[in-house]
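Visitor: Any chance you can model this:
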Amino acid sequence: MASKYVDDEEPHRRKRFSDIEENPRRKLMPISGYEKKPIVTLEKAVETLEDIVDNVKDNAAWAKWKCADKPADNLTVDQSAAIILYTMEPNDEAECIYYALNSTLRDENRKNLKHWFLYLRLLMSALALLPNLQSHVYRGVKGSLKSALIAGEKIIWWGFSSCTADLSVLNNDQFFGSTGVRTLFNIDCKTGKDIKNHSAFPRESEILLPAARCFEVVACLPQGPHMNIVQLKEIDSPIKLIDLGPENIVTSKGTSEGYVAAASVVTG
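Guide: All right, here's what the predicted structure looks like:
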């Protein structure tokens, strides 16, 4: 069963780390509605996505099969598997759930998000149980984005953002390599989520920034003819861009009042 998927030992192009917002200045409608949905099993959560993401049912089954029987961080199997499913990189891009989800989050037509509500609810409930990480994280893309950004301006990344805490990870050719024109994002984040315990690729030290994060461009620094560094600082948005749901933000001690993980999963 697992042979059709890319596992964490196989060299493979990691596109989710370079899935950058093309027009980060857009002010779209906030992301809401999903938080009113119940937390269901992963199988139930992807039922409405079968016409949107190829092979999503089988991929969800693989993610749940890969998941530990007792996931870390007090997550349920379904919550942990929802993160694994997001990080999977099938050989066919049409099967990549992160690509389809982020494309929809960046779409100005918010009605298209309704199909994603159950999965988004499950994924966000999982992330709510992980402590917020205040640290420097990195993303890298091939090509130059420096000219599109201006120091001091505010931007929004509407999709989820895959970052890494280990800069050496990005030097690998699976990411943005060490040659050619490249842009490195050095991000001072405050709501990052360390998902290495729930990733299809745990060696990547992935820090996932939730959807609809707001940033200030601190500086755009050319590093020779082929390398640009963009420094970003995560800031609070003047309005609520996404409803994080009824769960409280987890503290550094890993506690979250008012949230019952296992008991709140609806099976039918």
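Visitor: And the contacts of the one helix or strand Lys44 maps to?
Guide: Using DSSP states H and E, Lys44 sits within helix 42-45. For helix 42-45, contacts defined as Cβ atoms under 8 Å, 6 or more residues apart in numbering pick out 57, 60-61, 63-64, 78, 81-82, 85, 118-119, 121-122, 266-268. Backbone N, C-alpha and C define where each C-beta goes, glycine included.
Visitor: So which of those residues are in helices?
Guide: 57, 60-61, 63-64, 78, 81-82, 85, 118-119, 121-122 (DSSP state H).
Visitor: about what we covered before: can you say which of the contacts of helix 42-45 are buried?
Guide: 60-61, 63-64, 78, 81-82, 85, 118-119, 121-122 (16 or more other Cβ atoms under 10 Å).
Visitor: Let me know the closest of those residues to Ile229.
Guide: Taking Cβ to Cβ as the measure, Leu85 is the one of the buried ones among the contacts of helix 42-45 closest to Ile229, at 32.0 Å.
Visitor: what sits against the closest one?
Guide: The contact partners of Leu85, taken as Cβ under 8 Å, 6+ apart, are 42, 46, 59-60, 63, 97.
Visitor: Repeat that for Ala81.
Guide: 42, 60, 63-64, 66-67.
Visitor: Against Val46, how distant is it?
Guide: Distance, Ala81 to Val46, using Cβ to Cβ, to the nearest Å: 10 Å.
Visitor: now Lys142
Guide: With distances taken as Cβ to Cβ, Lys142 is found 31 Å from Val46.
Visitor: go on, Asn109?
Guide: Using Cβ to Cβ, we find Asn109 at a distance of 21 Å from Val46.
Visitor: Looking at these two, which has the bigger crowd around it?
Guide: Comparing Asn109 with Val46 by other Cβ atoms under 10 Å, the one with more neighbours is Val46, at 26 against 9.
Visitor: who's in contact with the more buried one?
Guide: Contacts of Val46 by Cβ under 8 Å, 6+ apart are 53, 56-57, 60, 85, 118-119.
Visitor: Just give me the closest of these to Ser135.
Guide: Set against Ser135, the nearest of the contacts of Val46 by Cβ to Cβ is Leu85 (25.0 Å).
Visitor: For the residue nearest to the closest one when sequence neighbours are not counted, give me the pLDDT.
Guide: Among residues not flanking Leu85 along the chain, Ala63 sits closest, at 4.0 Å (Cβ to Cβ, 6 or more residues apart in numbering). Ala63 is assigned a predicted lDDT (pLDDT) of 96.
Visitor: Same question for Arg182.
Guide: 82.
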